[in-house]
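Sequence unavailable; structure follows:
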Ligand code: ADP
């Protein structure tokens, strides 16, 4: 290593180390700190003095010890072997490290992100002699039973392809060569590297205007996410946040799931590490890990690693997006990431802004979510990729006026408001229909194969939401003056709203059928509930009392529609017939009595 890039520690303040003699170093260079070779990153430069955030415990190191600049920014290794990995914030494979060193890994461990020995079978998809540019897919590797890993020409490379060959290769072996105009040869391997703090390039950014279906009714019908969209979910303790996240990871219509866990308390992290690998991909029956990458911060890692984990995760997610996949990234919790920023900022003695967070908090959060998107990928063949980000926030005391929540809500387009109140009432998922929102609502209809049905669903959700809003007002009146004050029509609104809540919004994650609902079935269910509303309204207008309407036996069937398997969906349409028949009967009786 270049001796001139060697400095000396002058001060250690928790996760931040100050070193002098760092002439020639650049911001965000990765450095090795002390004899222990701790990994750090330069986050501030003043003259030849560098402030370094260190990703490992700094106890025991002190002034005078060396700091060596690696002259490279913090980067991740991208290639076969990512899927199924569990990494720490700086892409050290936790599972392999734990195997090699035990649960408490030693400091300065430098195990590479991708396994160096494992061989992958590479199948070229292009011929020698073709002109290639960055992003071109030149072949693939069956990485897991669920993921075909497309090997791409790395950014910045262009020329004529030579020596491409099928065979078994490690990530470091050459699978092809690109010769540029000057005749320079660049070896192409299964692995490429990318600096985590820079977004990977795309050809064009597209509007995220396609619904990303999750099979969760309250989400899809009322607060849908889009492919390449952004969402925020606050999770006060005990609101069912873990279940929501697991449901999304399992069912979301994405090929790849990247899960970043920045837990603080040790047990938060063990939850992810122990539970996630046991989740099953419901569509294939294989473990969900076969299409997932986990980034986890262990409790014995300092805050700076949390800061890095967000960038490591998003870069890996972008890489799979570049292959033309739909990727869902879940970060839990971004509040812990923000706290890490705050701690580093304090150690750097920066001027604090609101709640002690640095003034750049909002900008950092925004630039993270801006890496989401639906894109035209670089290179051939033409393909579209999408990266959606779902960020969990955990404000102290569940207070939504918290700086991190506010900064997040400025940039995300969907807010799923989890409420402890609903969870106590055992209404799951505890997503509050009155305070949640989605700016992607207009794309729900495109999610349907049948366009007319999409239009109709849009209208149904609008009507249903009106009833839910009305319910809130009516309940207030009932509280003040009693139910007697309500007109029959209002009583019906209350009843239908209750049906929307209990028969549609409420969804049991642990029920074999109820755990996932296709858009078509969601449509059938909601249409049936709204059909009840419509038929009852005309019966009331014809003088039928509400009491008998609410007691109709078909109500029970409406409530059980959610348990009707997808293949028997026709049975839900049949319930509408029954509704009409039973209400007609009431009407005839009422007319006869007059
Ligand atoms: P948190 O992570 O917010 O502390 P969990 O996700 O662990 O909460 O949920 C707490 C409990 O709530 C679960 O064990 C489960 O019994 C119940 N629960 C949450 N969501 C659902 C759901 N969609 N369907 C059924 N039960 C749920």
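Yep, that arrived. Computed from a predicted model, the values in this text were never measured in an experiment.

switch to C-alpha atoms for all contacts and neighbour counts from now on
Will do.

and the closest residue to the ligand within the stretch 51-200 of the chain, how many neighbours?
Checking the stretch 51-200 of the chain residue by residue against the ligand with C-alpha to the nearest ligand atom singles out residue 86 as nearest, at 20.6 Å. Counted by other C-alpha atoms under 10 Å, the residues lying close to residue 86 total 25.

my read: it touches residue 292, true?
No. Between residue 86 and residue 292 there is no contact under C-alpha atoms under 8 Å: 9.2 Å.

Give me the nearest residue to the residue of the stretch 51-200 of the chain closest to the ligand, chain neighbours excluded.
Nearest residue to residue 86, sequence neighbours excluded (C-alpha to C-alpha, 6 or more residues apart in numbering): residue 294, at 4.6 Å.

same check, this time on residue 340
Residue 340's closest residue in space is residue 303 (C-alpha to C-alpha, 6+ apart), at 5.0 Å.

One more: residue 545?
residue 488 (7.5 Å).

Isn't that neighbour up against residue 548?
No. Look at residue 488 against residue 548 with C-alpha under 8 Å: they stay out of range, at 11.9 Å.

higher neighbour count, the two?
Using other C-alpha under 10 Å, the more surrounded residue of residue 488 and residue 548 is residue 488, with 18 against 11.

Tell me, how many residues neighbour the residue nearest to residue 340?
Residue 303 has 29 neighbouring residues, counting by other C-alpha under 10 Å.

That one: what's it in contact with?
Counting by C-alpha atoms under 8 Å, 6 or more residues apart in numbering, residue 303 makes contact with 15, 55, 337, 340, 343-344.

From the ligand, how far out is it?
22 Å (C-alpha to the nearest ligand atom, to the nearest Å).

Can you list phi and psi of residue 172 for me?
phi -100, psi -10 (degrees, to the nearest 10).

Relative to the ligand, how far out is the residue nearest to residue 545?
Look at residue 488 and the ligand: by C-alpha to the nearest ligand atom, they are 33 Å apart.

and that residue, backbone torsions?
Here is the backbone geometry of residue 488 (degrees, to the nearest 10): phi -60, psi -40.

Quick one: residues contacting it.
540, 545-546.

go on, residue 245?
Applying C-alpha under 8 Å, 6+ apart, the residues near residue 245 are residue 330.

Mind checking what secondary structure it has?
helix (DSSP: H, G, I helix; E, B strand; the rest coil).

And it, what's its pLDDT?
The model reports residue 245 with a pLDDT of 88.

Residue 95 too?
75.

after the worst-scoring helix or strand of the chain on mean pLDDT, next one along is what?
Lowest mean confidence among the helices and strands of the chain (mean pLDDT, DSSP states H and E): helix 266-275, at a mean of 63. Where DSSP states H and E defines the elements, the next helix or strand beyond helix 266-275 is strand 292-296.

Kindly tell me how buried the closest residue in space to residue 576 that isn't next to it in sequence is, as a neighbour count.
Among residues not flanking residue 576 along the chain, residue 528 sits closest, at 5.7 Å (C-alpha to C-alpha, 6+ apart). A total of 21 residues lie near residue 528 under the criterion other C-alpha under 10 Å.

Would you double-check that residue 528 falls in a helix?
Yes. Assessed by three-state DSSP, residue 528 belongs to a helix.

ok, it to residue 320 distance?
Counting by C-alpha to C-alpha, to the nearest Å, the gap from residue 528 to residue 320 is 40 Å.

related to what we said a few turns ago, most surrounded residue in the contacts of residue 303?
Going by other C-alpha under 10 Å, residue 337 tops these with 27 neighbours.

Please identify which helix or strand holds that residue.
helix 334-347.

who does that helix touch, helix- and strand-wise?
helix 303-322, strand 384-393 (3 or more C-alpha pairs under 8 Å, 6 or more residues apart in numbering; DSSP states H and E).

how about the residues of this structure that lie near the ligand?
With C-alpha under 6 Å from any ligand atom as the criterion, the chain meets the ligand at residues 235, 237-243, 428-429, 507-510.
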